[in-house]
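In: Using only what follows, build the 3D model:
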Amino acid sequence: MTDHPLENTLAAGEEEYFFEHNRALIERKRKELEAQRARLEAEHRKNTHWMKCPKCGHDLKEIELLGILVDQCTSCSGVYFDRPEIEILIESQGPKGFLSGLSRLFT
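Out: Numbering: from 1, shown residues only. Below is the predicted model of the structure:
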């Protein structure tokens, strides 16, 4: 730096410009990395639990039950319904008895 005030002012302005420019680049990159990490974590959770039995952890397979595709455990034979599958079952069988109680959960 020199002792000339104009050169000092220009140098300070240039430093401020590059400081702000770099700060914005770093912030954008940080957000991109956070989004990528969130996507990878979600994918990992899905891969870890996708089509796994919530009771015993074994694989689930899709089977047809009353014309509805449901998930059945290959080990403990538990049968699991996704929300749309339950809604189809309630609509097709009519809300009576146990299904009446289930229908209240989804309305």
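In: and stretch 96-107, which residues are buried?
Out: residue 103 (16 or more other CB atoms under 10 Å). Every residue, glycine included, has its C-beta placed from N, CA and C.
In: Show residues contacting that stretch.
Out: Stretch 96-107 is contacted by residues 83, 86-87, 89-90, 93, 95 when judged by CB atoms under 8 Å, 6 or more residues apart in numbering.
In: Could you pick out the buried ones from these?
Out: 86-87, 89-90.
In: What backbone torsions are found at the residue nearest the centre of the chain?
Out: With distances taken as CA atoms, centre = their mean, residue 42 lies nearest the centre of the chain, 4.8 Å away. Note on residue 42: its backbone torsions stand at phi -60, psi -40 [degrees, to the nearest 10].
In: cool, and residue 66?
Out: When quoted as degrees, to the nearest 10, the phi and psi of residue 66 stand at phi 60, psi 40.
In: do the one 4 residues further on as well
Out: Listed backbone geometry of residue 70 is phi -130, psi 170, with angles given as degrees, to the nearest 10.
In: For it, list the residues it contacts.
Out: Here residue 70 is in contact with 62-64, 79-81, 85 (CB under 8 Å, 6+ apart).
In: Check the gap between the residue nearest to the centre of the chain and residue 33 for me.
Out: In this view, residue 42 and residue 33 are 15 Å apart by CB to CB, to the nearest Å.
In: any low-confidence regions in this structure?
Out: Within the chain, the stretches with pLDDT under 70 are 1-8, 10, 95, 102, 106-107.
In: Now do the domain split for it, please.
Out: Listed domain ranges for the chain are 1-50, 60-105 (source: automatic domain parsing).
In: Find the nearest non-adjacent residue to residue 62, please.
Out: Using CB to CB, 6 or more residues apart in numbering and skipping the chain neighbours, the partner closest in space to residue 62 is residue 69 (5.0 Å).
In: That neighbour - that's part of a strand, no?
Out: Yes. If the criterion is DSSP: H, G, I helix; E, B strand; the rest coil, then residue 69 is within a strand.
In: how many other residues sit next to it?
Out: When neighbours are defined as other CB atoms under 10 Å, residue 69 has 13 of them.
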